[in-house]
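Undergrad: Quick one, what's the 3D model for this:
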Amino acid sequence: MSETGVQARRSAVYLLDQVLGEGRLMSELIGGGVLDRLGPDDRARAQRLALETLRGLERADRILQRHLQKQPPLSVHNVLRLATVELCQGGAAHGVVNASVTIVSKNKRTQPMKGLVNAVLRKVAAKGPEAWEALRAPRLPRWLRDPLAMAYGSDGVGAMERAHFAGAPLDLTAKSDPEALAKLVGGTLLPTGSVRVNAGQQVSTLPGYDTGDWWVQDAAAAMPVQILAPQKGEKILDLCAAPGGKTMQIAASGAAVTAVDDSEGRMKRLKENLDRTGLKAKTRVSDVLEMSGQWDAILLDAPCSATGTIRRHPDLPHAKDGSDFGELISLQAQMIDHAVSLLKPGGRLVFCTCSLLPDEGECQVEEALERHSDLSVDREAILRLGLAEEWMTEEGGLRLRPDYWSDLGGMDGFYMASLRKNSH
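TA: A predicted model of the protein is given here:
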């Protein structure tokens, strides 16, 4: 067993320990440099192994239950979980078992359990793959599953859980010519113009990356700007803009866009993305609620629970418990109210969240319409996308779910609505 193979797996176990033991998000861990000591290949492998383990956690635990009399310490449990997912997804038994035993052997606290790890994983290697295929898709935790079942029914939640377990492909937004990009990268042109390629490819090696012909952006995340329909010469404000996918879409239209975000670090990424693509935008690090001026159009991609991104971020249901959602919902309402005050008469506001919770979508727009008598919903802006009409919501927004376009590989869960400020 190569040391690099062990290092990648050990780092993956550390990520699992932090998510499942400390409630930390993978994005915080990766952004904080916990994998920086690894080479690029091992860094990518560690992240992939941790994500696949989180995605299949319930299945792994059900298989391990058959071979464990009691639950081991978290770190050992996570070694077993990671190995079980690898074994059940076709990993070579010899390499996976040996690496797992090596990992627990190198820690004085876990060293006495190397015999248990060896014995359990040999049983999993023999019978686990067949058992794995017979198990249902892992379920969301109750704190999230219950409100989603109220909104979409148990069948709807089950469909979403299957989409989460399947993971997500990679979507690209073209700077100018989606059809040409699809041919260039060998991808599929989606109905709304995004280009879909297989996940697992190194983004920076795809054709057109160095020349800035495209950027990574889920197809659902690209739709709010398509609804906004920015026009050349318009003065547009992109609130909560980083990492900049929507800013680049607006800039590519020829509109004059100002991108606002309250994080220096995230805004640095946005500027890097603008530089790579050769697109122009004004940038400002600021609290959204402190912005001023009058704007032709505003895009507000408000901070939210991010529950629509679980197929890409399977750590989220394990690292969060829903306790901070009330604060987010209140902030969204404040941001909507402030954005309305910045709109010129006749101006339009697209509000969106990457959330599956109606409280962060449909309910926000219903309540905003009650608070602002000069606002109306522009249903036509959404209908122009040519999507399934049943995805339209009662108040006139668009509800997207991860199980939509299942034959094409799904999409992130999103809510979006186009609001117009009356001219008089």
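
Undergrad: May I ask you to name the longest helix in the protein?
TA: helix 142-166 (DSSP state H).

Undergrad: which strands and helices sit next to it?
TA: Counting contacts by 3 or more CB pairs under 8 Å, 6 or more residues apart in numbering; DSSP states H and E, helix 142-166 is packed against no other helix or strand. The way it works is simple: take the backbone N, C-alpha and C, and place the C-beta from them, glycine included.

Undergrad: who touches that helix?
TA: Helix 142-166 is contacted from outside by 55-56, 137-140, 307, 310-311, 314, 317, 321-322, 356-358, 401-403, 406, 409-410, 413, using CB atoms under 8 Å, 6 or more residues apart in numbering.

Undergrad: count of residues packed around residue 237?
TA: 27 (other CB atoms under 10 Å).

Undergrad: ditto for the one 5 residues further on
TA: Using other CB under 10 Å, the number of residues around residue 242 comes to 25.

Undergrad: so it, which of the three states?
TA: Following DSSP: H, G, I helix; E, B strand; the rest coil, we place residue 242 in the coil state.

Undergrad: just checking, it touches residue 261?
TA: Yes. Assessed by CB atoms under 8 Å, residue 242 is found in contact with residue 261 at 4.2 Å.

Undergrad: Tell me the residues that contact both of those two, please.
TA: Here residue 242 and residue 261 have 267, 270 as joint contacts, going by CB under 8 Å, 6+ apart.

Undergrad: sorry, back to before: may I see the ChimeraX selection of the buried members of the contacts of helix 142-166?
TA: Typed into ChimeraX, the line below selects the buried ones among these, using 16 or more other CB atoms under 10 Å:
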select :55,56,137,138,140,307,310,311,314,317,322,356,357,358,401,402,403,409,410,413
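
Undergrad: Filter the contacts of helix 142-166 down to just the ones in helices.
TA: 55, 317.

Undergrad: coming back round to it: and whatever helix or strand comes next after the longest helix of the chain, which strands flank it?
TA: Later in the chain than helix 142-166, the nearest helix or strand by DSSP states H and E is strand 170-174. Paired strands of strand 170-174, with direction, are strand 195-197 (antiparallel), strand 214-216 (antiparallel) (DSSP bridges).

Undergrad: how far does strand 170-174 sit from the chain's center?
TA: 14 Å (CA atoms, centre = their mean, to the nearest Å).

Undergrad: Can you tell me the closest non-neighbouring residue to residue 193?
TA: Among residues not flanking residue 193 along the chain, residue 178 sits closest, at 4.6 Å (CB to CB, 6 or more residues apart in numbering).

Undergrad: pLDDT value on the one you found, please?
TA: Residue 178 carries a pLDDT value of 97.

Undergrad: count of residues packed around it?
TA: Neighbour count of residue 178, defined by other CB under 10 Å: 19.

Undergrad: One more: residue 153?
TA: 11.

Undergrad: List the contacts of the closest residue to residue 316 other than its chain neighbours.
TA: Excluding the flanking residues, the one nearest residue 316 by CB to CB, 6+ apart is residue 310, at 5.5 Å. For residue 310, the contacting residues are 140, 164, 316, 317, 402, 413, by CB under 8 Å, 6+ apart.

Undergrad: redo that, cut-off 10 Å
TA: 54-55, 140, 144, 160-161, 163-165, 168, 316-317, 356, 402, 412-413 (CB atoms under 10 Å, 6 or more residues apart in numbering).

Undergrad: And it, how far from residue 166?
TA: For residue 310, the distance to residue 166 equals 11 Å [CB to CB, to the nearest Å].

Undergrad: Double-check the residue nearest to residue 193 against residue 195; I have them as touching.
TA: Yes. Look at residue 178 against residue 195 with CB atoms under 10 Å: they come within range, at 5.9 Å.

Undergrad: what touches both of those two?
TA: In contact with both residue 178 and residue 195: 172, 187, 189, 214, using CB under 10 Å, 6+ apart.

Undergrad: residues contacting the first one?
TA: Which is residue 172. Residues near residue 172 by CB under 10 Å, 6+ apart: 178, 181-182, 184-185, 187, 194-197, 203, 206, 208-209, 213-219, 222.

Undergrad: ok, 8 Å please
TA: Residues counted as contacts of residue 172 (CB under 8 Å, 6+ apart) are 181, 185, 187, 194, 195, 196, 197, 206, 214, 215, 216, 217.
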